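# compute the structure for the input listed below.
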Amino acid sequence: MTNVIITLLFAVIMAAGQIVLALASKDLFPAHCFTLRAALHSYWLWLGIFIYAFAMILWIYILSRFDIRYAYPISATAIFFAAIFQSLIEKSYPSTSYWIGLLFVITGLAILSLNKNN
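Numbering: from 1, shown residues only. From the prediction side, this is the model:
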């Protein structure tokens, strides 16, 4: 059970990283033009890099303790957390059909993660 909780934490961190990098993209491509100076001065980019570095270390820890066949589908719940975070930040909510589709995805991931030995 601890492995599942840690993997869900990883999914939350990855989703947060995606949201932060989406914010960084607005700094880096304001007029569809990338500049190195903008990258070096983007708070959001550096925060996103830090979050992803931390997540990578956590993922390596997870893989050392948890079978990847079960960990990877659980980590894919990051798509759910990213949708929640974006909805909260932007105050715009996806359609009902989006949430229904996401529910099917999460259900499928849960089925894939079932451990037949327990």
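
# going by C-alpha atoms from here, please, whenever you check contacts or count neighbours.
Will do.

# now Pro73: how far from Ser92?
27 Å (C-alpha to C-alpha, to the nearest Å).

# so between those two, which is more surrounded?
Neighbour comparison, Pro73 and Ser92: the larger count goes to Pro73, with 18 against 9 (by other C-alpha atoms under 10 Å).

# now the more buried one: phi and psi?
In terms of degrees, to the nearest 10, the main-chain angles of Pro73 are phi -60, psi -40.

# please, which helix or strand holds the nearest residue to it once chain neighbours are set aside?
Taking C-alpha to C-alpha, 6 or more residues apart in numbering as the measure, Pro73 lies nearest to Leu109, with 5.3 Å between them; neighbours along the chain are not counted. Assessed by DSSP states H and E, Leu109 sits inside helix 96-113.

# restricting to C-alpha, output that helix in CSV.
Extracted C-alpha coordinates of helix 96-113, given in CSV (Å, rounded to 0.1, in the frame of the first residue of the first chain):
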residue,chain,number,x,y,z
THR,A,96,-18.5,16.7,-18.9
SER,A,97,-17.5,14.4,-21.7
TYR,A,98,-13.8,15.1,-20.9
TRP,A,99,-14.4,14.1,-17.3
ILE,A,100,-16.3,11.0,-18.3
GLY,A,101,-13.4,10.0,-20.7
LEU,A,102,-10.9,10.6,-18.0
LEU,A,103,-12.9,8.4,-15.6
PHE,A,104,-12.7,5.6,-18.2
VAL,A,105,-8.9,6.1,-18.4
ILE,A,106,-8.5,6.1,-14.6
THR,A,107,-10.7,3.0,-14.4
GLY,A,108,-8.5,1.3,-17.0
LEU,A,109,-5.4,2.2,-15.1
ALA,A,110,-6.8,0.9,-11.9
ILE,A,111,-7.6,-2.4,-13.6
LEU,A,112,-4.1,-2.6,-15.0
SER,A,113,-2.7,-2.0,-11.6
